[in-house]
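Undergrad: sequence first, predicted model second:
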Amino acid sequence: MMALGVLAFVVALLTSVMLHEAGHFLTARLFGMKATQFFVGFGPTLWSRRKGETEYGVKAIPAGGFVKIVGMTPLEDVAPEDKPRAFISKGGWQRFVVLVAGSTVHFLIALVLFFLFSVAWPARDTGYATVSQVYPCAVPDDQGNCAPGATPAPGAGVLEKGDVITAVNGQDVSSTKSVMRDPGKNDDGDVVKGGPDGLVALVRNTSGPVTLTISRDGETRQVQVTPVLSNGQPRIGFLPAPNHTRYSVTGAAANSFSLFGQTTVGSVKALGAVPHEIGRILSGDQGKRTADSGGGAQVTSVVGVAQISGEAFQAGGVSGGVATLVLITASVNLFVGIFNLFPFLPLDGGHVAILAYEKARDRVRRRRKLPAAGPVDLTKLMPVTYGALALIVGMSMIVLYADVVNPVANPFQ
């Protein structure tokens with residue numbers, strides 16, 4: 001299952017790369033630009049086929065992809081017959097759309113995957129316990145029926161269906177870790193946190209009356225009940241709702257945007273955590289790397305993410321693994337989409353920054369009754385470009401090294 005998870009992530013990543021390049025390619029074609037190559041990967045060509053004016057293919061190193069659009073920079077020699085269709089010959093807004101198309105595709109992929117995840121897999125609730133049914137007796141049978149003369153339920157007339165129990169004797173149900181002990185066993189019990197199990201654990205670990213903090217109709221109130229002992233276990237006499245719920249289509253759509261926003265924040269935190277993580281690695285700190293590595297977000301390479309995907313399949317089977325893969329793929333797409341817009345060459349954001357500078361500069365020149373100055377001299381930016389590229393590659397290799405010798409802790413164990 002480990003290998004299946006890793007392979008599934010590699011396929012998902014390559015598909016995302018292909019769709020990124022397709023965004024550039026399709027928008028370029030839409031505006032009449034000439035695209036001569038569409039390749040997934042780098043290095044030696046493994047397979048290619050020409051259709052019309054474009055060569056499509058796969059290269060040996062699956063580390064990205066590219067679309068060759070004629071005249072992407074003023075440094076390129078463009079044949080006279082191709083100049084009307086060259087990238088640099090098109091309007092500013094058309095070039096902008098082509099440049100941001102790749103990141104836009106990544107954002108759309110993330111939204112679609114978040115939506116599919118919300119629809120296909122149940123979502124955890126807030127961690128509290130919701131009352132699904134209040135029984136008339138403290139201990140009903142397996143069908144929820146009460147025997148004649150059974151002890152009345154302490155919760156009857158106190159709790160109502162839909163009440164959300166948030167605390168027991170002031171202890172928050174969602175955040176308090178409690179130990180669930182079986183009186184028939186002589187062991188330390190199981191640690192549970194939040195939800196119905198957390199509520200039951202908190203009640204079992206008390207004696208006498210308990211004060212429940214509940215939320216009802218938007219109001220918070222406190223009620224007191226005295227559990228009834230049955231086989232050594234305190235009973236209140238209500239059925240908690242499952243702590244997993246399924247979204248409706250509209251709810252899933254809203255949740256997908258919520259996940260998008262949360263993951264965007266996490267991606268920014270991950271970028272901010274990179275210097276901290278690089279410092280740890282270079283200093284030889286071999287401490288445990290977790291999902292909250294410096295800055296509150298996970299810092300890992302493609303190798304680390306592939307490992308997490310594999311472990312998800314190993315720990316949760318196909319269903320759990322696919323669910324994790326969907327979230328991982330969405331998160332990676334969102335991260336790459338944001339990173340790709342950074343205003344540094346050779347990233348798309350660097351080309352956008354140059355385009356914005358040219359347009360702002362020419363607007364000022366027009367106001368001064370001067371002609372447009374033409375494209376920026378990219379030869380002057382090459383040292384900065386090479387420096388940025390070296391920095392990106394260098395940091396990526398350092399994190400990759402850490403993922404090999406000191407992997408991020410498995411969050412599924």
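TA: Cool, got the structure.

Undergrad: longest helix in this structure, please.
TA: Identified as the longest helix of the chain according to DSSP state H is helix 302-340.

Undergrad: please, where are all the helices along the protein?
TA: Going by DSSP H, the chain shows helices at 2-30, 92-120, 195-204, 249-282, 302-340, 348-367, 382-405.

Undergrad: list the buried residues of the fifth one.
TA: Spelled out, that is helix 302-340. 302-316, 321-340 (16 or more other CB atoms under 10 Å). All C-beta atoms are positioned from the backbone trio N, CA, C, and that covers glycine.

Undergrad: once you drop chain neighbours, what's closest to residue 32?
TA: In space, and not counting its chain neighbours, residue 32 is closest to residue 85: 5.8 Å by CB to CB, 6 or more residues apart in numbering.

Undergrad: what's the burial count for that neighbour?
TA: Residue 85: 19 surrounding residues under other CB atoms under 10 Å.

Undergrad: tell me how the chain divides into domains.
TA: 98-122+249-405, 129-245 (automatic domain parsing).

Undergrad: any idea how many residues pack against the closest residue to residue 309 other than its chain neighbours?
TA: Nearest-residue entry for residue 309: residue 9, 3.9 Å, with adjacent residues in sequence omitted and distances by CB to CB, 6+ apart. Neighbours of residue 9 under the rule other CB under 10 Å: 25.

Undergrad: show me what contacts the residue most central in space within the chain?
TA: In the chain, the centroid-proximal residue (CA atoms, centre = their mean) is residue 331; its distance is 3.0 Å. By CB atoms under 8 Å, 6 or more residues apart in numbering, the contact set of residue 331 is 110, 263, 266-267.

Undergrad: just residue 14 next, same as before
TA: By CB under 8 Å, 6+ apart, the residues touching residue 14 are 40, 62.

Undergrad: now with 6 Å?
TA: residue 62 (CB atoms under 6 Å, 6 or more residues apart in numbering).

Undergrad: ok, now residue 171?
TA: Contacts of residue 171 (CB under 6 Å, 6+ apart): residue 202.

Undergrad: what's across from it in the sheet?
TA: residue 168 (DSSP bridges).

Undergrad: separation between it and residue 233?
TA: As judged by CB to CB, to the nearest Å, residue 171 and residue 233 stand 19 Å apart.

Undergrad: kindly report the same for residue 31.
TA: 71 Å.

Undergrad: how close does residue 208 get to residue 154?
TA: 12 Å.

Undergrad: and those two? Which one has more around it.
TA: The neighbour comparison of residue 208 against residue 154 (other CB under 10 Å) goes to residue 154, with 21 against 7.

Undergrad: backbone dihedrals for that one, please?
TA: phi -60, psi -30 (degrees, to the nearest 10).

Undergrad: not counting its neighbours along the chain, what's nearest it?
TA: Leaving aside its sequence neighbours, residue 154 sits nearest to residue 225 (CB to CB, 6+ apart; 4.2 Å).

Undergrad: so how far is residue 174 from that neighbour?
TA: With CB to CB as the criterion, residue 225 and residue 174 are 20 Å apart.

Undergrad: neighbour count winner among those two?
TA: residue 225 (20 against 16).

Undergrad: pretty sure that one contacts residue 153?
TA: No: between residue 225 and residue 153 there is no contact, the gap being 9.0 Å when judged by CB atoms under 6 Å.

Undergrad: for residue 33, give me its contacts.
TA: If you count contacts by CB under 6 Å, 6+ apart, then residue 33 has 69, 85, 87 around it.

Undergrad: switch to 10 Å and redo it
TA: 24-25, 27, 67, 69-72, 82, 84-90, 94-95, 98 (CB atoms under 10 Å, 6 or more residues apart in numbering).
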